[in-house]
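A.B. asks: Build me a structure from this.
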Amino acid sequence: MVASADAPTPHESFYWRLGSGANAQWVVRHGDWNLLGNPRDTSNTAPLAAADKLFLVNLAEDPAEMRNLAAANRAVVARLQEMQHDFEQGIQSQIDQRRER
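C.D. replies: Here you go, the predicted model:
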């Protein structure tokens, strides 16, 4: 089966995290919005400033993820941060349940 870049996703939102602790990288995507926490520019094409600790992108308008829209869209950032918190709580709950077994 070949995937198409234009194919719809079966998920309305998703979350991933790389690493642990305060500097872990994470992403919450919901619809066209992508919120990156602690992003890193491994391509060296888009230097990140200290203000870019939360980096918000509208993928429909900026698929290359070059412009940080966080300052202009604080309500979106807050909603996605809440989702990130909920995802983390769910993951921690699953870890705790497995430890109890």
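
A.B. asks: just the CA coordinates of stretch 47-56, formatted as PDB?
C.D. replies: Written as PDB, here are the backbone C-alpha positions of stretch 47-56 (Å, rounded to 0.1, in the frame of the first residue of the first chain):
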ATOM      1  CA  PRO A  47      17.600  29.500  13.600                       C
ATOM      2  CA  LEU A  48      15.500  29.300  16.700                       C
ATOM      3  CA  ALA A  49      15.400  32.100  19.300                       C
ATOM      4  CA  ALA A  50      14.800  31.700  23.000                       C
ATOM      5  CA  ALA A  51      11.200  32.900  22.300                       C
ATOM      6  CA  ASP A  52      10.700  29.800  20.100                       C
ATOM      7  CA  LYS A  53      10.500  27.400  23.000                       C
ATOM      8  CA  LEU A  54       6.900  26.900  21.900                       C
ATOM      9  CA  PHE A  55       6.700  27.000  18.100                       C
ATOM     10  CA  LEU A  56       3.200  27.100  16.500                       C
END
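
A.B. asks: What segments of the protein are strands?
C.D. replies: Taking DSSP state E as the test, the strands found in the chain are 13-18, 25-30, 33-37, 54-58.

A.B. asks: Local confidence estimate at the closest residue to residue 39 other than its chain neighbours?
C.D. replies: Closest residue in space to residue 39, ignoring its immediate chain neighbours: residue 55 at 4.7 Å, by CB to CB, 6 or more residues apart in numbering. (C-beta placed from N, C-alpha, C; glycine too.) Per-residue confidence (pLDDT) for residue 55: 95.

A.B. asks: Also residue 94?
C.D. replies: Confidence at residue 94, expressed as pLDDT, is 68.

A.B. asks: one step back: tell me the contacts of the residue nearest to residue 39?
C.D. replies: Contact analysis of residue 55 by CB atoms under 8 Å, 6 or more residues apart in numbering lists 35-37, 39, 48, 65, 68, 70.

A.B. asks: Cool, thanks, signing off.
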